[in-house]
Structures are given as structure tokens and as C-alpha cells.
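Peer 1: Attaching a predicted model along with its sequence, questions to come.
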Amino acid sequence: MENILLRDKVAELEGYFAAGGYRALKKALAMEPAAVIDEVKKSGLRGRGGAGFPAGLKWSFIPKDAPGPRYLVCNADEGEPGTFKDRELILKNPHALIEGMAIAGHAIGAATGYIYIRGEFVAETVKLEKAIAAARAKGFLGRNILGTGTDFELHVHRGAGAYICGEETALLESLEGFKGQPRLKPPFPAVKGLFAGPTVINNVETLAAVPAIIERGGDWYAAIGSGKSTGTKLFCVSGPVNKPGVYELPLGVTFKELLEKSCGGMKEGKRLKAVIPGGSSTPVLTAEEAWMVKLDYESLAAAGSMLGSGAVIVIDDSQCMVKLLQVLARFYHHESCGQCTPCREGCGWLEKLLNKLESGRGTKKDIDTIVSVAENMMGRTICALADAMAMPAISFVKKFRSEFEAHAAGKCCPPDAPVKH
Amino acid sequence: MAFVTDEFKAKAEKICAKYPRRDAALIPLLQELQKESGYVAEEAMDELARFLNLPYARVKAVMTFYTMFNREPAGKYHLQVCRNISCHMAGAPGLLARLREKLGIAEGETTKDGLFTLSAVECLGACGAAPVMQVNDEYFERLDEARLDALLEDLKHGRLRARDL
């Protein structure tokens, strides 16, 4: 099928416009905001950042009679290990995001939008700022858009290096100029979000899908995909495959198809051992579990994992699962914001246990402690970062216990062995 | 003021205007200060706090929370090697070891000539092109030892290839 998001020749405004761009904005501005929200609800579009929450429903949570300014925020703080789709989307099709935001702004009654982009993405920031300036010059952004009396001003805000700012309330704190520490909910951002105003926060890929939905209809979009997982998804594949990269495919495609048809299979001499299907926070699947699994929200949940951000990390049998979990534990320990004890202490404790196993000083009891610490972190913190550490920890041990036991018996992989290409 | 100059203030006002509250510009303004000198000095934080009418502690707390801010002068080229899962599998530990050996410094250190600072960083969001290293604002992808060596030679001669924007 044709791509909706990753298209060629639309990186500049002229090309985007020639391909029918900004027609959806014109159409949306002639519609009642509630009708725009209904169309997005009908499409079944769900959050592409990881949580999979229905986008139209999220928009409808903005209280209709709330006084004061409302805000639309785009989460472009792409940081979930394995994920690199928003970056590609911004470089290839920035105007789909900008148009989607202008439409969403109209739908929720927001006259100001911010794109919170991770600090490392300098080229992507420049690209977005140029695209916004071009759209403003043509009257697609700013005051009195296309003479309709609707205002929508869009700003780019660069982060400064903190994984936690991908969590939506941490992102809001950061956007307000504070440390990125998640907020207690309620109140939810729809009621009290950015600068205490009603706020919707959506991922880049979610917002970029909106123009096509408005132009071609929610029913058209809902017909793509599988069941309640509608539309296309950007899958980011990394690991020892022949053609790693970002692929736009209908939700519900099998892992086998993604690997063999899109990625050209495993690299020569590499045998599939495991797959992390939705970014480093999602539970790992064995090769057997992953092979025929359909990549959509429901099927991956049924398989005991999650679609997450669509970051498919392919692991071959030359990799040590204990080492990889150590790499992840170091990451989550580093990125824990420190607010909640189970996360701050738990991530560090797991990292220490894994360091111990990796260095050959570990025992069988340490393996059980990993599981017990992880289980006691889950669901006991303000945000999901603790769960994001616990889920890989529990699943790695459960599914690859023999590798952990080999380490406890002193059969370790050499420390930091350079991996041969 | 040595850091928050009149020129800086003019730029800062434009940035503050993007937000309904001036203190929301704190992070972008720290980025502007870092752009000037490669790091944010204590005195600069102090001046920025006064400019935004914020307690110094707020500026320091924010500054130390985010990893991209340097509190000390960094080398002319800041080599940031991603060591997260996809880059790890693609050979990041070997790249880091080679850089340590060739530059004679450990992670977090700067070479005596002030040319290179070496850091190991977490996921840079370019996993399909692993292993990846960021040098200042640029990404260098699909690195192996030969490409890394060639890049170091380029940098020693002051050549940092810019990406086609």
C-alpha cells in the first residue's frame, strides 16, 4: 500500500503543497471543532509514542468551557532506545506534522503550540524552524489562518538531554523551565497542563497522521490495519538485519514479514535469538514467540509485550542477554529522575546486581533478587520509568534464565568484548 | 555583566516572547550561553538568574539536571559515543576503547591540547545506523574502526563535515 507519512518529495513546502498538502487544514477550519474530533475518533488513530491511547478521545477531554489559553504540545523528545522514526519523519515530511498541529489546535481550541524536540536533534530543529517559517509565510500558521479568523502560533523548543522528558508531564515541567520530573496525576494535562492551562500532548507520528485522516475521512483510515489497531505505523528496525531502518506498514503486519520483506532478513551468519518489539522498555520476546506475532497493539499485548513506539530491536545469538540487560539497567539508572524511591534505588540496585553477575561474582540468589526488586518497582511510582526498567528485567530473566545461571556459575562473557561486524 | 551582555539580552527577549512566562525560557537561554563559550560558567548562571529574576538555585538545579549542559570548558570537538542497546550490539564498546586508546583519555576527560572531549552517552535516536557518535551538533553513523580513524584525522585538520540540511 502507499505510504501516508513517509513520502518522497514533500520535504519542502512547494512539494508538500503540490502533493495536496494543506488542503486538509482548509477543510478542517471550515468544520466545527467537535466534528474534527469526531473524524479523528472515527479513524481509530492511537498514540504512536508508546501508550496507544485513542487520539480523538484525548482531544475530547479538554473541558469545553475552560477559561484561559489552551495549549497543544508535540512530543518530539524521541529517546526510547531503539526508536528513530520521528527524526526521519521530521526530516522527510515536516509539513504533515505542522499541518496536523494546526488542525489539532483548531479542534481543541488552542492558539499556541509547542514542538518539544530532543536537544541532540539539531538538524531536525533547523528543518522544523525553516518549515514553520515557510508555512507562516503562506498563511498556514500565525494570526488569522487562511482568512478564517483562527489563530495558531507554533514554536520549537529544544530539550537538553533527559530521557524522562518523553514522559508527558515531565515534558511540561521541562517546557516551563524546570527539571523534568513527572507530575502527580490528577490533575491530568487535559485539565491542568502547560502553564496550568488545558493541554493536549501528542507524539510526532500521531499528529502527522491527522491531515490524511481529515482529507480522506476517518473511515478510510480505520479500514487500514488490523481490528482496533488502525492505520499505518512507522517501525524502526535495528540490530543485525540486512536493511535496518524505518518502515511504514499497516498495523498488524507480522514480524516475519517485516524482517524478511522489508529488512531483507538477518545478516549472513546471524541467527535470530530474541526481539524487543516496541522499544527498550517493552518485554522481550524469544525468536519463537516473535516470529509470527502480528505487530499491533492487541496482538503484542496478547503475546505478553507491547507495541510501544514501534522500535523493533533484533537480537542475534552472538549476544549475551545478561550483558544487554546490564546495558539497559545502566541506562534506566542514569535516566531515573530521582523523585520516587522504588525507581531511584531500584534501577541502581538492578544495575549493581547485573554488574556483579557480569563480573563473575554473582550468585543464583542474585538472579531471584533481580526479579523480586523489579516486581517491587512496578506500579509504585509517579510515572512509568520504573516499569520501563522492570519489564525488560523480568522478561529477560524469565525467558533467558539459563544465560543468567551460566553467569552465576562463573561462565561469563568477557568484559566489554568488542563485537565483530 | 560578562555573559548576559546587551547583545545577549536582545536575543533573550525574543526567546522569552515565545512563552507566557519568562522563566520558561530558562533552558533555551542556558543553551544560548553554552553556544557562546562551550560551557556555562558559575558566573553566567548567576547573571542569568538575575536577568530572569530567578533564584540562583533554580538555575543551578535545572542546569545540573540535563546532561547536555557542560559545567566546564569542553574540547573543540565533543565526541559522544552512544552506548545503548543497538549501538552496543553494533560495536560501540570497541569504538569507545579505540577512542580511549588513540586520544589517551577516559570518558569525561578532555585532551591536553583542548581538541577533544570524550563522552559515552545514552541512545541518540539513530539506532538504524548504529553505531553512532555525535560530534558537536553532527551525527556520524555506521561507524567502524576505519571510518572512526578517518573522522579523527578530519577533525584534527579542522574539518567537521556538515550535514546537508
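Peer 2: Great, that's in hand.
Peer 1: can you tell me which residues contact the nearest residue in space to residue A:217 that is not next to it in sequence?
Peer 2: Distances taken as C-beta to C-beta, 6 or more residues apart in numbering or on different chains put residue A:39 closest to residue A:217, at 6.9 Å, once the chain neighbours are dropped. C-beta here means a position set from N, CA and C on the backbone, and glycine is covered the same way. Going by C-beta atoms under 8 Å, 6 or more residues apart in numbering or on different chains, residue A:39 touches A:31, A:56, A:213-214, A:217-218.
Peer 1: can you check residue A:54 too?
Peer 2: Taking C-beta under 8 Å, 6+ apart, we find residue A:54 in contact with A:41, A:44-47.
Peer 1: Go back to the residues you listed and keep what's next to chain B.
Peer 2: Near chain B, judged by C-beta under 8 Å from any C-beta of the partner chain, there are no entries from these.
Peer 1: Residue 147 - how many residues pack around it?
Peer 2: All of this refers to chain A. Neighbour count of residue A:147, defined by other C-beta atoms under 10 Å in any protein chain shown: 8.
Peer 1: actually it's chain B I care about, not the one you picked
Peer 2: Neighbour count of residue B:147, defined by other C-beta under 10 Å: 15.
Peer 1: Quick check: closest non-adjacent residue to it.
Peer 2: Nearest in space to residue B:147, with sequence neighbours left out and distances taken as C-beta to C-beta, 6+ apart, is residue B:140 at 7.6 Å.
Peer 1: how near is that neighbour to chain A?
Peer 2: Using C-beta to the nearest C-beta, to the nearest Å, residue B:140 is found at 12 Å from chain A.
Peer 1: Can you give me the pLDDT of whichever residue of chain B sits closest to chain A?
Peer 2: Residue nearest to chain A within chain B (C-beta to the nearest C-beta): residue B:94, separated by 3.0 Å. If you check residue B:94, the pLDDT there is 97.
Peer 1: tell me the SS of it?
Peer 2: Here residue B:94 takes the helix state, with states given by DSSP: H, G, I helix; E, B strand; the rest coil.
Peer 1: ok, now the one 5 residues further on?
Peer 2: Following three-state DSSP, we place residue B:99 in the helix state.
Peer 1: How about residue B:36?
Peer 2: When classified by three-state DSSP, residue B:36 comes out as helix.
Peer 1: Just the C-alphas of stretch A:149-168, formatted as CSV.
Peer 2: Below are the C-alpha coordinates for stretch A:149-168, written out as CSV (Å, rounded to 0.1, in the frame of the first residue of the first chain):
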residue,chain,number,x,y,z
GLY,A,149,-10.2,34.2,11.9
THR,A,150,-8.4,31.2,13.6
ASP,A,151,-5.0,31.8,15.1
PHE,A,152,-2.3,29.2,15.7
GLU,A,153,1.2,30.1,16.5
LEU,A,154,3.8,27.3,16.6
HIS,A,155,7.1,27.3,18.4
VAL,A,156,10.0,24.8,18.6
HIS,A,157,11.5,24.2,22.0
ARG,A,158,14.7,22.1,22.3
GLY,A,159,15.3,19.8,25.2
ALA,A,160,18.7,19.5,26.9
GLY,A,161,19.3,15.8,27.3
ALA,A,162,16.9,13.8,29.6
TYR,A,163,15.1,10.7,28.6
ILE,A,164,12.4,11.3,31.3
CYS,A,165,11.2,14.4,29.4
GLY,A,166,9.5,12.0,26.9
GLU,A,167,7.0,11.4,29.8
GLU,A,168,4.3,13.9,29.1
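Peer 1: Closest to the centroid, which residue in the chain?
Peer 2: This is for chain A. By C-alpha atoms, centre = their mean, chain A has its centre lying nearest to residue A:49, at 2.8 Å.
Peer 1: let's do chain B instead
Peer 2: Closest residue to the average C-alpha location of chain B: residue B:68 at 5.1 Å, with C-alpha atoms, centre = their mean.
Peer 1: quick one on the thing from earlier: thinking the residue of chain B closest to chain A is in contact with residue B:145, fair?
Peer 2: Yes. The pair residue B:94 / residue B:145 is scored as a contact, 7.3 Å apart, by C-beta atoms under 8 Å.
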